[in-house]
Structures are given as C-alpha cells and as structure tokens.
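Colleague: Show me how the following folds:
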Amino acid sequence: MKHLKKLLALLTVLTLLASVGLAETVTATEETSTAAETSARVVATVNGTPIYETELQEAHTYYTEQGYSVTYAQILEILIETHALRQIITEKGFDQFTDEDQAKFAAEAQEAWNGAIENYVTSYLSEDTEEARTALQGQADQYFRSMGYSPEYLAENMASQEAQNRYIGSLVSADSITREDVQAYLDTVVESQKAEVGESANMYELYQMYMGREYLFTPAGYRRVLHILMKLDEDVMTAYTEASEILTGMKTPAATEDAAEETADAATAEAEAEAKAEVDPFEDLKAALDAMVANGSEAMKAEYTKACTLLDTLKAEPEESEAKEALYTDLEQAITAIAITSLQPTIDEIESRLQNGEEFAAVAKDYNEDPGEDFNEGYKVHPESIMWDPVFRDAAFSAEMTKPGDHSKPVLGSYGVHILYYLADVPEGAVELTDDLYAELAATLLQEKQYDVAETEIREKIEASEITRATEIISELDDNTDEVEIDFDDNNVEP
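Modeller: Okay, here's the model as predicted:
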C-alpha cells in the first residue's frame, strides 16, 4: 500500500510534465540546444509511450527535495509503474470528463489561482493602494507562471486527481466492508501495536508523546483520575522553589562546591577557601523558609517551626552521619507542608464538602484551576507513566486511592496543590469500537483493499506490456551522481 501511495503522489506531480515541462525545455533550444536535446532524450517506453529524460529528472528532483537519496535506475522503474497506472486509468475511461466536469475543474482552479495571487499580494504589500495591488498581482502572476503553474495547470491537476479517485474507488466497494471485517482489522492493528511496545506503559506513552503514535489499545494497570488543582500564591511558590533547589544542592555536595567556585574572586587556594566559607546553604535555606511564611498564617508558621528544627538538627549532624539521609527526607516533607498549608482553608472547605457526600466533579468545578480537565474522562494514569508530574502520578496510586470513589490527600506538584479522585479503572486491551472509530477503520481498510487490487493490476499491466529501457543513458546519469540506492518498499521509507 505504501508503494502505491508513492506512485499516486508521483503521478499527480508528473501529470503535466509532458505538456508543460517538456514544452518549456524545447522552447529553450535556441539558447541551450545541447541541454535541450539531452533533456528530450527518451529513457524508456511503455507500450510505445515515451518517458523523456525531462520526466526522469523531474521525478529525481521530487524525491531528492524530500531528502531521499535515489538512483536514476530506481526512478526509471518507478516511472514505468507510473505510466502503467496512467494507461490503466485511460483504458478504463476514468480520465474522460464531461463539459460540466471540466467547467467545475476550471472554476475551482481559478479560485485557487486567485487565492494564491491574493496571498502573494498580502505578503508583500507595503502600501495599500490600487496601483500597488495591481503591480503585485502582475508580479505574482509572472512569478507563478515562471514556475510552470497556471489556472490551466491547476485544472489539469484536479482532473488527474479525480481520475485517480475514480479508478481507486472502482476497485472495491465500500458496501463490501462488514463490521466483522473492521473488528478483525482492529484486532490485527492492536496485536501489531502490542508487539511494538509490549506491556510497557513507559514505551506506550513515549511512542505517543514523541513519535505521534495513536494506539488503539490500553496496557493493564491504567486508571482514570480527576483532580482539583489549586495554585500557590506567587510569592510562596517562588520561595518554595528556591528552598527546594537549595535543599537539592545540599544533598548533592558537588552542586554546592560548584556554586562556591563561581563566587570566587581569585584563583588562589586561599581565595577559593574564603569563597566557599561565604556560601552557607543552611543560612540560604533558612532565608527561603522565612520568605515562605512572611505573610503566612499561624498554621504555616507552625509547619515552619518544624522545618527550622529539622534544619538545625541537620546542621549539627556530622558530615558522614547515616542519619542525614532521613533528615533530608523529613526536611523536604516539612518544606512541602508549609506550602500546602498556605491553602489550608480552601483544602478544609473541599474536604468538608466531600465528606458531606457531594460529587467530586461538582466540588472541583468550584475550585479547580486546571482549564483543560474533562470531568467525564479525567486523566489516564499508570504507575509507570512518564507523561505526568511524578507527584501527580504517585498520588494517583497512593494509599488513600484503593478503589473508585476514593480521593487523595493534598500533594504539591510543579503546577500547584492537587487533590486527586479515583474515577475508574481503564479496561485492558483494545479500545471500544465506537461509531467514529468504526468509520475511520472502515475507510482505512477499504483503501488498503483498493490499493492491494491496484498494485496487482499494475504488476499485471507491466508484465503484459512492451517496455524498453535506454540503459546506457541511465548508467551515464548514475555514474555522474553519488546517490545511494534505497529500498522504497521498506516500511521505514515512505516518500
């Protein structure tokens, strides 16, 4: 199917080559006769229909401009298939159009041409006067025609595309696709996707986030959660972020040493020692904690007192003390508690309403600061998820979240304070075959079946055709290039 898509795309690109591109080359013979004669050389024939070097060069440009390195011999075989496809379309009469059809193509082409002219004018217009517009319209018309475009070209292109659509559409009827076919196709797609990522939620999300995959199945272990996001006061968030960064540096001595070295005024050992002495992360952390509670409530100050006590204990511990790791963890939790407590009145209101039996979604709508949340679907989270803030992910599977209907304790993430709600488990396996998905898969399956038939017809057409190749010309062209041959039928290569 990938191969036929390539042929159809190339057929559209080359539709007018013989009438436009070759004509332009021949017109240029007065100035560059040798080049024109070379361009007009016949490199192959398909049932007597010539393939000119001009067409070969145009196809070569089509691929190289997309970043592919190809040989002229490869391009020639593709052109032979393209001409075979064109002859099939002509033999079956799909390129025969009524006067009404031609008028429709001409009108749509003129509309597209006018739109292109207007876009050009809009892009380059510096003074909006009738004279300036008229001048730019003339420039645009000349520019597009110099590139081989015209309303007539666009109309022919539209006719070519319609002929392709008619041919492909004739091969397999949409009515022949049954629901059982679509279900079987879905099952095949799901098995293929599972083979790609296995049971790894990590890979499942990685491929979706960074490679644009759209998976039609869900690995085991996912659940849907709702949440209430409450953002911290800006000053509190700034001070909390600073305190967290200082604490991280304290846990990683190299970071503190680097900071000290940056403040050194001299390169001498004595100056560096003095600079290091000037850096006291305990004092810096204490200052950040002070900033967090500068306008804080009594509850915040109570948490602040706990944090300061832990900080003093940590400072008094010997450098190699095994207790320091636990103290760092406790201090980190204490700093987080100060920040969360800044929203305690709101948290208490939410908790009271939930305890009184109100629906979580109803309560969330009064407090939530996440503008993108869908209260019907929620967020799909897995214990191994990589697409969520780790704090959010871990809270979704915390001890309080044992069954649908449970809600978590307040947690502080990178966006603010969250209270999560366990909405439902996500069924493992293939997604539900909804009407919309059915229509999408049915269309894809129909196209695959149509393309399979078309590829068979093209092969049969080529086998029954009289084909000649100017191998010496092709060898000459390939000898003068450094292109490397590639496999267009490889699934990883899709022009």
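
Colleague: For this protein, name the helix or strand with the lowest mean pLDDT.
Modeller: helix 22-27 (a mean of 35; mean pLDDT, DSSP states H and E).

Colleague: S321: which element?
Modeller: For S321, there is no enclosing helix or strand under DSSP states H and E.

Colleague: what does the one 4 residues further on give?
Modeller: Per DSSP H and E: E325 is located in helix 324-341.

Colleague: cool, and I228?
Modeller: strand 223-230.

Colleague: what packs against that strand?
Modeller: helix 344-355, helix 360-367, strand 379-381, helix 390-396, strand 417-425 (3 or more CB pairs under 8 Å, 6 or more residues apart in numbering; DSSP states H and E). Using the backbone N, CA and C atoms, a C-beta is placed for each residue, glycine as well.

Colleague: tell me the mean pLDDT for stretch 390-399?
Modeller: What stretch 390-399 shows for mean pLDDT is 97.

Colleague: quick one, helices of the stretch 351-495 of the chain?
Modeller: Here the stretch 351-495 of the chain has its helices, by DSSP state H, counting those that start in this stretch, at 360-367, 390-396, 435-463, 471-479.

Colleague: got the contact list for A112?
Modeller: L154 (CB atoms under 8 Å, 6 or more residues apart in numbering).

Colleague: thinking again about what came up before, indicate each strand paired with the strand holding I228 and its parallel or antiparallel sense.
Modeller: strand 379-381 (antiparallel), strand 417-425 (antiparallel) (DSSP bridges).

Colleague: and the last one with helix 344-355, angle?
Modeller: Put plainly, it is strand 417-425. With axes from the mean of the first three to the mean of the last three CA atoms, to 10 degrees defining the directions, strand 417-425 sits at 20 degrees from helix 344-355.

Colleague: So which bits of strand 417-425 are buried?
Modeller: Applying a neighbour-count criterion of 16 or more other CB atoms under 10 Å, one finds V417, H418, I419, L420, Y421, Y422, L423 buried in strand 417-425.

Colleague: Give me the contact list for it.
Modeller: Residues outside strand 417-425 that contact it (CB under 8 Å, 6+ apart) are 222-232, 339-340, 343, 347, 350, 360-361, 364, 378, 391-392, 395-396, 398, 401-412.

Colleague: Going by neighbour count, which of those residues are buried?
Modeller: Among the contacts of strand 417-425, those scoring as buried are 222-230, 232, 339-340, 343, 347, 350, 360-361, 364, 378, 391-392, 395-396, 401, 407-408, 410-412 (criterion: 16+ other CB under 10 Å).

Colleague: and whatever helix or strand E111 lives in, how far out from the chain's middle?
Modeller: Element membership for E111, per DSSP H and E: helix 99-124. How far helix 99-124 lies from its chain's middle: 31 Å, per CA atoms, centre = their mean, to the nearest Å.

Colleague: next helix or strand past that helix?
Modeller: helix 130-146.

Colleague: in the helix or strand following that next one, what's buried?
Modeller: Tracing the chain C-terminally past helix 130-146 and defining elements by DSSP H and E, one meets helix 151-171 next. Buried residues in helix 151-171, counted by 16+ other CB under 10 Å: 151-160, 162-164, 166-168, 171.

Colleague: domain assignment for this protein?
Modeller: 2-172+463-479, 240-337 (automatic domain parsing).

Colleague: Now do the end-to-end distance for the last one.
Modeller: In other words, domain 240-337. Counting by CA to CA, to the nearest Å, you get 10 Å between the two ends of domain 240-337.

Colleague: A364 and I228, how far apart?
Modeller: A364 is 5 Å from I228, where distance means CB to CB, to the nearest Å.

Colleague: Please apply the same query to A291.
Modeller: A291 sits 26 Å away from I228, going by CB to CB.

Colleague: low-scoring stretches of the stretch 1-150 of the chain, by residue?
Modeller: Applying pLDDT under 70 to the stretch 1-150 of the chain picks out residues 1-39.

Colleague: OK, contacts around Q96?
Modeller: For Q96, no contacting residues are found, by CB under 8 Å, 6+ apart.

Colleague: element containing it, please.
Modeller: Per DSSP H and E, there is no helix or strand for Q96.

Colleague: any idea how far it lies from T90?
Modeller: In terms of CB to CB, Q96 sits 9 Å off from T90.

Colleague: what angle separates the helix or strand encompassing A73 from helix 151-171?
Modeller: Element membership for A73 (DSSP H and E) is helix 72-91. Angle of helix 72-91 versus helix 151-171, following the same axes, to 10 degrees, is 80 degrees.
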